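>>> Next come a sequence and a model predicted from it.
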Amino acid sequence: MTLRVERDGATGVAVVTLDRERRHNAVDLATAAELGRVWREFRSAPDVRAVVLTGAGSAAFCTGIDRDVRVPQPGSPYSVDDPLVAIGPKASDLWKPVVAAVNGMACGGAFYLLGEADFLIASDTATFFDPHTTYGMVSAYEAVYMAQRMPFGEVARMSLMGTAERLSARRAHEIGLVSELTAPGELLPAALRAARTLAGFPTEAVQGTVRALWSAKQAALQQALAQAPALIALGNLPPERQAELFTGRRQAPRPRVR
C-alpha cells in the first residue's frame with residue numbers, strides 16, 4: 001500500500017498519509033488509484049467527518065508524479081491522459097473538509113492535492129515550487145489550481161521560475177496560501193486540532209459550507225482546467241528530452257522569503 005489511512009471513530013477524523021517517503025511521496029499509478037478509492041469511500045463513511053492529508057517523513061509532503069511513471073498519450077493536442085487529474089478529494093465528489101498538513105517540499109503534481117484541500121497548515125520548514133518549465137513541460141493544471149489560492153503575480157512567478165526558486169513557508173503564509181505555520185513537530189497536532197473541531201460540528205452544515213465555498217470559484221476553475229490538455233500537448237518537450245533536462249539539472253534553488 002502506498003497510502004496509510006488511520007480513522008479515529010471517537011473524533012470523526014481520518015488521517016491520510018502519502019506513504020512513499022523514499023520517493024519523496026511522489027505519486028505513482030497505484031497511489032493515484034488508492035487516493036481516488038479512499039476519497040470515494042469517505043463520502044459514505046459516517047465515522048469520517050473531517051480529513052487530514054499529509055506526507056510521510058519530514059523531507060516532502062509530495063513531489064508530484066513519480067518520474068518512473070510512463071503513460072502513453074493519445075497523440076492529439078485536444079487530449080491528455082493525466083494520471084493525477086482525479087487524485088484530489090473534490091474530483092471524487094467528497095465535500096467533507098480536508099486539511100492539508102504540509103511538511104517539507106510540495107511541488108508540481110502536489111498542487112492537484114493542495115488545490116483541492118480546504119485549507120493548508122504548514123511546517124515552517126515547508127517549501128513550495130513548480131519544476132515544470134525547467135524540464136520543458138507546461139505547468140497547466142498545477143498553475144490553474146494555485147491561481148485559485150494565490151495572488152496572480154505570486155503564482156505566475158512560482159510557475160515560471162521552475163526549480164530556480166522555492167517559496168518559503170513564511171512567504172506562503174504571508175500571501176494566504178498557508179493559513180497557519182507551526183514548528184515541524186507541531187504540524188500534525190495543529191492539523192488534527194482543526195479537523196477535530198470541524199468533525200465536532202453538525203456534518204450537514206459543514207459539508208454544505210464546503211460546497212458553497214467551492215461553488216464560488218468552480219465555474220472559473222473548470223473553464224481554466226478545460227484548456228490544460230491542449231496547452232500541455234502543444235508545449236511539452238518529448239519525454240526523452242524532459243528526462244535529459246532532469247538528469248542534467250545543476251542549479252541550486254534560491255529560497256524566496258519575500
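Ah, there it is.

>>> which residues touch Phe111?
Gly64, Asp130, Tyr141, Glu142, Tyr145, Met146 (CB atoms under 8 Å, 6 or more residues apart in numbering). The C-beta positions use only the backbone N, C-alpha and C, and glycine is treated the same way.

>>> how about a markdown table for these, with pLDDT, neighbour count and distance to Arg211 added?
Formatted as a markdown table, the contacts of Phe111 follow (pLDDT from 0 to 100; neighbours: other CB atoms under 10 Å; distance: CB to CB, whole Å):
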| residue | pLDDT | neighbour count | distance to Arg211 |
| --- | --- | --- | --- |
| Gly64 | 94 | 24 | 28 |
| Asp130 | 96 | 29 | 28 |
| Tyr141 | 91 | 24 | 22 |
| Glu142 | 94 | 27 | 24 |
| Tyr145 | 94 | 23 | 18 |
| Met146 | 95 | 21 | 22 |
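
>>> Just the closest of these to Leu35, please.
Gly64 (13.3 Å; CB to CB).

>>> is it true that that closest one touches Ala26?
Yes - with contact defined as CB atoms under 8 Å, Gly64 reaches Ala26; the gap is 6.3 Å.

>>> Pull up the overlap in contacts between those two.
Gly109.

>>> and Met137, how many neighbours?
With neighbours defined by other CB atoms under 10 Å, the count for Met137 comes to 21.

>>> Export the contacts of Phe111 to CSV and append columns for secondary structure and distance to Leu114.
Below are the contacts of Phe111 laid out as CSV (DSSP: H, G, I helix; E, B strand; the rest coil; distance: CB to CB, whole Å):
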residue, secondary structure, distance to Leu114
Gly64, coil, 11
Asp130, coil, 11
Tyr141, helix, 12
Glu142, helix, 10
Tyr145, helix, 7
Met146, helix, 8
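
>>> what about Phe61, which helix or strand?
Assigned by DSSP states H and E, Phe61 falls within strand 60-62.

>>> Please name every helix or strand in contact with that strand.
Applying 3 or more CB pairs under 8 Å, 6 or more residues apart in numbering; DSSP states H and E, one finds that strand 60-62 contacts strand 50-55, strand 98-102, strand 105-107, helix 110-114.

>>> quick one, which of these is nearest to Met137?
strand 105-107 (12.4 Å).

>>> re earlier: other residues contacting the strand holding Phe61?
By CB under 8 Å, 6+ apart, strand 60-62 touches 18, 21, 24-27, 54-55, 100-107, 109-110, 113, 126.

>>> Show me how far it is from its chain's centre.
Strand 60-62 sits 9 Å away from the centroid of its parent chain (CA atoms, centre = their mean, to the nearest Å).

>>> mean confidence score for that strand?
Averaged over strand 60-62, pLDDT sits at 98.
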